[in-house]
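# for reference, the sequence and a predicted model appear below.
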Amino acid sequence: MKKIQMVDLKGQYAHIKDRVDASVLEVIESSAFINGPEVHSFQKELEEYLGVKNVIPCANGTDALQIAMMGLGLKPGDEVITADFTFAATVEVIALLGLTPVLVDVDPINFNIDIHAVQKAITPRTKAIVPVHLFGQCANMDAIMEIAEEHNLFVIEDNAQAIGATYTSKDGTKKKAGTIGHVASTSFFPSKNLGCYGDGGAIFTNDNDLAHTIRGIVNHGMYKRYHHDVVGVNSRLDSIQATILRAKLPHLDAYNKARQDAARKYSAAFLDNEKIITPFICESCDCHVFHQYTLRLKGVDRDALVKHLNDNDIPCGVYYPIPLHKQKAYADDRYDENNFKVTNQLVEEVISLPMHTELEDEQISFITAKVLEFVNK
Ligand SMILES: *Cc1c(COP(=O)(O)O)cnc(C)c1O
């Protein structure tokens, strides 16, 4: 059996090596390292794949979130509601821009922002909601868009973990994650579902005016050469990363399918085990692309299980061990622990198993056997 890894980027590369190597060499030969034709082609191809009017590439997923918020013209003091259970980047950029983060609890079934908690958190200063499609699963976008419309709020989707997922609305319309809110951000960090070989990110929007504003912001606030109309940033996707992403984009659906297949095999093995809650999988749609495969443990010593797996050369992860409202940087007297019942519980229970495009049946069987051996002992 091949050594089990949390993410197997080398194994994935082996299948696309010829195209990747040739196109990277071409970029080097062309010397068009920044804003070259590869970046433009990737942008167009991703717009087509997502069915969105505008993709604006940038340097990473954290920048993408920040730039999306700058583009919307959010001002210091504006309140932005987001999930307490996510990667820190989401709340970091809110704070960095002088906006007021308002963290709220999440849903125990899909780990995504709790709609009732969002409603409760809205004040006259609320300007935006940032749902995170955590672990690859779409948040409840129908409800979020309804709340936003009712209260005149912007919706910024943090789509760093769910690129390629499809959200089916109540009326049956299907849209790609990241094309439902007013604007969305994504990350091409190597381990993400569509990852490059360094840093990269992008902003998506169907609003052409907002896209124009954002294209200036990513380029020092410049709309005409050396005329700086707004305070911007320097945030670019480089041509080498773009050409790698072009090589991988045609495989994204197959990559996500491989992740879903692995998830189903894991879940089948844990079926009916009282101490394991497997992730919710909607059989009739494609709303979960398993950036992570995350279990909730009931009455299991998680640290000991982690050790048991590691002793058997099985890596695993705890995403995330501390809720954001308890992080030093984001703690705030306003927060009432009673409002974070779910996140406070999830941080104690969750464990993520190896998840990537190259998992083999033999590896999955070994992993599930070792989990069950510990849990059932
Ligand atoms: C990875 C990630 C980001 C940040 O992306 P970077 O490219 O690493 O800056 C933001 N939000 C979430 C939910 C992420 O998983």
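Done, it's in. Residues are numbered from 1 along each chain as shown.
# can you tell me how far the residue of the chain found nearest the ligand is from residue 150?
Across the chain, the shortest distance to the ligand (Cβ to the nearest ligand atom) belongs to residue 61, at 2.5 Å. In this view, the C-beta of every residue, glycine as well, is placed from N, C-alpha and C. As for residue 61, its distance to residue 150 is 29 Å (criterion: Cβ to Cβ, to the nearest Å).
# between the two, who's got more neighbours?
Counted by other Cβ atoms under 10 Å, residue 61 and residue 150 do not tie: residue 61 has more neighbours, with 27 against 10.
# nearest spatial neighbour of the more buried one, skipping sequence neighbours?
Leaving aside its chain neighbours, residue 61 sits nearest to residue 187 (2.5 Å; criterion: Cβ to Cβ, 6 or more residues apart in numbering).
# residues contacting the one you found?
Contacts for residue 187 were tallied using Cβ atoms under 8 Å, 6 or more residues apart in numbering; they are 60, 61, 62, 64, 160, 200, 201.
# the fourth one reaches residue 185, doesn't it?
Read that as residue 64. Yes. Contact criterion Cβ atoms under 8 Å: residue 64 and residue 185 qualify, at 3.4 Å.
# what is in contact with the two at once?
Common neighbours of residue 64 and residue 185 (Cβ under 8 Å, 6+ apart) are 201, 202, 203.
# shouldn't the second one be within a strand?
Yes. Secondary structure of residue 202, determined by DSSP: H, G, I helix; E, B strand; the rest coil: located in a strand.
# which secondary structure element contains the nearest residue to it once chain neighbours are set aside?
Closest residue to residue 202 apart from its sequence neighbours, by Cβ to Cβ, 6+ apart: residue 57 at 4.9 Å. Using DSSP states H and E, residue 57 sits within strand 54-58.
# mean confidence score for that strand?
Over the span of strand 54-58, the pLDDT mean works out to 98.
# quick one, helices of the stretch 51-200 of the chain?
Per DSSP state H, counting those that start in this stretch, the stretch 51-200 of the chain carries helices over the ranges 61-71, 89-96, 115-121, 141-151.
# just those helices: most buried one?
helix 61-71 (a mean of 27; mean count of other Cβ atoms under 10 Å).
# contacts for that helix, please.
In contact with helix 61-71 (Cβ under 8 Å, 6+ apart) are residues 56, 58, 80, 89-90, 92-94, 96-97, 99, 128, 130, 156, 158, 160, 183-189, 192, 201-203, 205, 210, 213-214, 217-218, 232-233, 235.
# distance of the residue of the chain closest to the ligand relative to residue 88?
12 Å.
# same question for residue 32.
In this view, residue 32 and residue 88 are 35 Å apart by Cβ to Cβ.
# what does residue 232 give?
Distance check for residue 232 against residue 88: by Cβ to Cβ, it reads 24 Å.
# the two - which one has more neighbours?
residue 232 (20 against 15).
# quick check: the more buried one is in a helix.
No. Read with three-state DSSP, residue 232 is coil and lies in no helix.
# what sits against it?
Residues in contact with residue 232 (Cβ under 8 Å, 6+ apart) are 70, 216, 217, 218, 219, 220, 221, 222.
# buried subset of those, written for ChimeraX?
Paste this into ChimeraX to select the buried members of those, with burial taken from 16 or more other Cβ atoms under 10 Å:
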select :70,216,217,218,219,221,222
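# sitting in strands, which of the contacts of residue 232 do you find?
residue 222 (DSSP state E).
# columns pLDDT on top of the contacts of residue 232, output as JSON lines?
Output for those, formatted as JSON lines (pLDDT from 0 to 100):
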{"residue": "70", "pLDDT": "97"}
{"residue": "216", "pLDDT": "97"}
{"residue": "217", "pLDDT": "98"}
{"residue": "218", "pLDDT": "98"}
{"residue": "219", "pLDDT": "96"}
{"residue": "220", "pLDDT": "97"}
{"residue": "221", "pLDDT": "96"}
{"residue": "222", "pLDDT": "96"}
